[in-house]
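Peer 1: with the input below, show me the fold.
(chains A and B)
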Amino acid sequence: RTLAITPRACRRQCPSLKRDTGRKQKLVVNRKHKRGFPLACHSWDELRVLKSVEPLSGSRNGFGMDAWVRFNAQSQSKDKLFRAAQYACMLLGYTLHKSKAASDLLKTLSDLEKHLSLTRKFLRLGNSVEALEAAKRAIHLSDGVLRLCLTISHLNKAMYFACDNVVWAGKTGIFSKVDQQKWSQRSFRYYLFALLVSLTRDIYEICLLMDNEARNQSAKASVSVNSSHDPPADCLSSLATSSRPPLMWSWLLRNFRQVVTVLQNNPPLLLDLLKNSCDIFIPLDRLGIYPTGPGFVGACGVASSVLAILAVTHPWLKLKP
Amino acid sequence: MDTVIKLTSQSQGRDRIFRATQYACALTVYLLRKNSEKRDLVDKLKSLEKNMSAGRKLFRLGNAVNSIEAAKRSVQLSDRVLCLCLTAANVNRALYFICDNLVWASSVGLLRNIDRDRWNLNASRCYFYSLTMNLIRDVYVILQLMLQRRKDARFKQKIEHHLNESSEAAEVIIPQLDAFVFVLLETLRSHPTVALDTVKNICDLFIPLDKLGIYKSNAGVVGFCGFISSLIGIATLAQPSLRIKP
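Peer 2: Here you go, the predicted model:
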């Protein structure tokens, strides 16, 4: 709701409202709408004052419709919603199959899933160009590793979309001579590689943040006498010296708590990491590298789609760049 | 390239591009129908058109809410005629989307007991009413603009000049009609937004007229009109200044 009251007027109306003494202001009103006045709310009186103020625009339901209209306006967000529906059908079909449900319900779910999959391929028809443009933008980044990771990831996504378009053309009969299996495998290979590069970027960001944390801690402890001891483990240098994976894993486990702290303080990074980890099981299953079955793939697909939708509805959760 | 990206990132832009392609396919199929050599191409285009139509139905799933929001906004307009026309148009459009969603649900198999043909006809009817209300609004806006123009002194001079200079030609039979047409053309020329919207609505009108059987034209006319209206829609999306307001 948009409030028709300024913080000063609200404080005047409610005497128990304390002046903001430098404490963190929290948004009392719904964080999603644009004109929320940050207020430090300390009592039910204040809440009553806020709630009694008449909203400037829209009814109680108006917010929900407005949010949907904004969500609907972007084609990517709608695509993510359909993706969630598609993998939910897959998951539902698997669970119902396990519990031996009616065969016509299973057939409906399977048909719906195929229809959603084919239509999503159709709706993705222009995405190669967008991915190429994103790759062009990523070339201008300052950080070398990020530049490399993002450019390669976007290029691979562009190739994935191109192969996907060929598969769609084959399925709808436009190019009848297309070997659908071969092109489908090709597209999943590019998708897998794009996800691997994205995961590498996430791990690199985690390492950078852990490095910063370690530096902060060592700066705080610099007055102590024991500062001549070895400095806290430097993520990047140890990665450089220890090229064997087992050493890196044991190092990561040792610093597990640090990783958890870093992720807790950086929700966008956590979201991106979880999303990529869920997504990676899909091409792994389709390519036969690590077959997990339709139930697990469906669950992973639903989870990653929901996380992606969260990143769209809450733009602060999107990992930048 | 930037404009293309901006268009494709919006779901409306993407839908209009697909609509333009769908009607272009329909037009091409009609033009090539007698050509026996291109039968393969005709079959492929038919299949593409069918797939595009089905895909667009899925893509339209949430659009009823958009129309209801637009109707809510148009209720608050000050001009009564505009308020009535736009609200009726948006409400009918919302009903069209709801009928369309039911047809999609039936074609996918989610709802089995509904009569798909009847709901298709209902959808076409709602779309027809919505287009009619939009056209009435266009005519009202044009008439208002024309009346405004006539009061303009400079414009009166222009009319006089036009009538006097063409009185030698044999075409001027009814001076009032000629003046009317002149004012109309001048108004449309100086207000491209209204002109584009009128052309778009007239082109769009042929589609439900054909489906409902009120004015049966052939598939070629429908394809051509749909293609033109989609192009105008893309142009108004790419250039927001060409869009009629409100």
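Peer 1: helix or strand next in line after the least confident helix or strand in chain B by mean pLDDT, which one?
Peer 2: Least confident helix or strand, chain B: helix B:153-165 with a mean of 74, by mean pLDDT, DSSP states H and E. Next in sequence after helix B:153-165, counting helices and strands by DSSP states H and E, comes helix B:175-190.
Peer 1: re earlier: centre of the chain to the least confident helix or strand of chain B, how far?
Peer 2: Its chain's C-alpha centre and that of helix B:153-165 lie 34 Å apart, by C-alpha atoms, centre = their mean, to the nearest Å.
Peer 1: any residues of chain B in contact with chain A? List them.
Peer 2: B:1, B:4-5, B:8-14, B:17, B:43-44, B:47-48, B:51-52, B:54-55, B:58-59, B:62-63, B:65-66, B:68-69, B:72, B:108-110 (C-beta under 8 Å from any C-beta of the partner chain). In this view, the C-beta of every residue, glycine as well, is placed from N, C-alpha and C.
Peer 1: the same query, at a cut-off of 7 Å, please.
Peer 2: Taking C-beta under 7 Å from any C-beta of the partner chain, the part of chain B that reaches chain A is made up of B:4-5, B:8-11, B:14, B:44, B:47-48, B:51, B:54-55, B:58-59, B:62, B:65-66, B:68-69, B:108-110.
Peer 1: separate out the buried members of those residues.
Peer 2: B:8-11, B:14, B:44, B:48, B:51, B:54-55, B:58-59, B:62, B:65-66, B:68-69, B:108 (16 or more other C-beta atoms under 10 Å in any protein chain shown).
Peer 1: quick one: the helices in the chain?
Peer 2: Defaulting to chain A. A:7-13, A:44-52, A:62-73, A:75-98, A:103-123, A:127-138, A:144-172, A:180-220, A:235-241, A:245-254, A:256-265, A:267-286, A:294-313 (DSSP state H).
Peer 1: hm, I was asking about chain B
Peer 2: B:2-9, B:11-31, B:39-59, B:63-75, B:80-108, B:116-151, B:153-165, B:175-190, B:192-212, B:219-238.
Peer 1: ok, which of those helices comes nearest B:Ile244?
Peer 2: helix B:192-212 (4.4 Å; C-beta to C-beta).
Peer 1: buried ones in stretch B:114-133?
Peer 2: Within stretch B:114-133, the residues scored as buried using 16+ other C-beta under 10 Å are B:119-133.
Peer 1: actually stretch A:262-273, not the one I wrote
Peer 2: Buried residues in stretch A:262-273, defined by neighbour count with 16+ other C-beta under 10 Å: A:262-263, A:266, A:268-273.
Peer 1: then stretch B:67-83?
Peer 2: If you call a residue buried by 16+ other C-beta under 10 Å, then stretch B:67-83 has these buried ones: B:67-71, B:74, B:82.
Peer 1: just for chain B, where's the confidence low?
Peer 2: B:153, B:166-173 (pLDDT under 70).
Peer 1: domain map for chain A?
Peer 2: Domain ranges of chain A: A:91-124, A:127-213+A:264-303, per the TED database.
Peer 1: what's the least confident stretch among these?
Peer 2: Of all these, domain A:91-124 carries the lowest average pLDDT, namely a mean of 89.
Peer 1: and it with chain B, contact?
Peer 2: Yes - Domain A:91-124 lies within reach of chain B by C-beta under 7 Å from any C-beta, at A:108, A:111-112, A:115, A:119, A:122-123.
Peer 1: list just the nearest of the residues you listed to A:Ala158.
Peer 2: A:Leu123 (16.5 Å).
Peer 1: A:Lys171 is in contact with A:Val178, correct?
Peer 2: No - using C-beta atoms under 7 Å as the test, A:Val178 is too far from A:Lys171 to be in contact (8.5 Å).
Peer 1: what residues are shared contacts of those two?
Peer 2: With C-beta atoms under 7 Å, 6 or more residues apart in numbering or on different chains applied, the contact sets of A:Val178 and A:Lys171 do not overlap.
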